[in-house]
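Colleague: Next input, structure requested:
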Amino acid sequence: MEYKNKKFLLNSRPVGMPEDNCWKLVDEKISSLKKSEILIEVKFLSIDPYMRGRMNDGVSYAAPAKIGEPMTGETVGEVVESKSSLYEIGDIVCIHKGWQTYIRAKDTDPSIYKVPLSTIPMSSYLGAVGMPGRTAFFGLNRVGKPKEKETVVVSAASGAVGSVVGQLALMHGCNVIGIAGGQSKCEFVKETLGFHECVDYKSEHFKTDLKNVCSKGVDIYFENVGGPVTKEVSCLLNHGARVPICGFISQYNEKDMLNSDTPFKILNELENKPFHRFFVVTEWMDEWQNATRILSNHVAKGEIKYKETITEGFENAPQALRDVLTGQNFGKQIIKI
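Modeller: Prediction:
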């Protein structure tokens, strides 16, 4: 059977918000597989905030995406052709090979893993049970190190990472406060996810509302946004507080990142600096399988709930990324191919 792949190549590096001309959509015919190769028909593509940073060419924790190569990203799909002894036709797999509709890969690719048979939706392996869920799991447990009755504040609490962080913190017996943008997101965080409180950062009363629900201060601040939100939370940090820095989405489009309000700048200016560090989920790659098993069990039992924004059509990936960067999406942003 003949297969034709569509892929978005990085065409230019953006200044500010990425425009459509930053990508180039191309078609290619897929030639016959070689020994130990598989062909994956992509079903869902993950859209995540970190992608904006990878479009830059500055020094970062990971190498920048290369001009002329597929835009970085994780996908989940079905093996449709196989010349591998490790994967069979029909296997469901996740792989980190970028914005493509078909992916040809060696069976030794370190980014590929087989999705176990489960009752939970395939798309969840890009969200609550995938990279965002594992990021929440390791960031909270290994960097935040929560203790019972501590106050945990989570920014971007309705998002793919933040929603899981808060629910895991509840399992530790913590007092969990979310921060989200808008009434509907705050209601979801409190009523569906079970956070004790959620504060709307878009409200004119944000500063007062945050202070009122954090009357005992903040022991762990799980950082996803940076900027004004981080400034307000930083004023409430207790002695011995920990700040796992997952990201700072409010600053990703800034032209002068060194002088923007990143969490590093804000926290280092405090008289009593809390423990804080940036982390990436690949630090614990050898424990991914166990974390995925734990998260999938929680999801299957209804102990971790999540929300997805699923956009139909591969061609809509660039706009979906802009939606993530501006907070227009709700929960985990996914493209359905």
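Colleague: Now do the residue nearest to Lys24 when sequence neighbours are not counted against Glu148, distance only.
Modeller: Excluding the flanking residues, the one nearest Lys24 by C-beta to C-beta, 6 or more residues apart in numbering is Asn11, at 4.2 Å. Yep, even glycine has a C-beta here, placed from its N, CA and C like the rest. Asn11 sits at a distance of 51 Å from Glu148 (criterion: C-beta to C-beta, to the nearest Å).
Colleague: ditto for Asn316
Modeller: The spacing between Asn316 and Glu148, counted by C-beta to C-beta, is 44 Å.
Colleague: residues contacting the residue located most distally from the centre of the chain?
Modeller: In the chain, counting by C-alpha atoms, centre = their mean, Met1 sits farthest out from the average C-alpha position, at 35.2 Å. Contacts for Met1 were tallied using C-beta atoms under 8 Å, 6 or more residues apart in numbering; they are Glu81.
Colleague: related to what we said a few turns ago, who has more neighbours out of Asn316 and Glu148?
Modeller: Counting neighbours by other C-beta atoms under 10 Å for Asn316 and for Glu148 shows that Asn316 has the greater number, 14 against 8.
Colleague: on that earlier part again, let me see the contact set for the residue nearest to Lys24.
Modeller: By C-beta under 8 Å, 6+ apart, the contact list for Asn11 reads Asn21, Cys22, Trp23, Lys24, Ile67, Gly68.
Colleague: so the first one sits right up against Pro14, yeah?
Modeller: No - Asn21 lies out of contact with Pro14 (C-beta atoms under 8 Å); the separation is 9.1 Å.
Colleague: Looking at the two, which has the bigger crowd around it?
Modeller: Pro14 (15 against 10).
Colleague: residue contacts, the nearest residue to that one once chain neighbours are set aside?
Modeller: Closest residue in space to Pro14, ignoring its immediate chain neighbours: Cys22 at 4.9 Å, by C-beta to C-beta, 6+ apart. Residues in contact with Cys22, defined by C-beta under 8 Å, 6+ apart, are Leu10, Asn11, Ser12, Arg13, Pro14, Met55, Pro318.
Colleague: Neighbour-wise, which one of those leads?
Modeller: Busiest of the contacts of Cys22 [other C-beta under 10 Å] is Leu10, holding 23 neighbours.
Colleague: Run through the bridge partners of that residue.
Modeller: Beta bridges link Leu10 to Trp23 when assigned by DSSP bridges.
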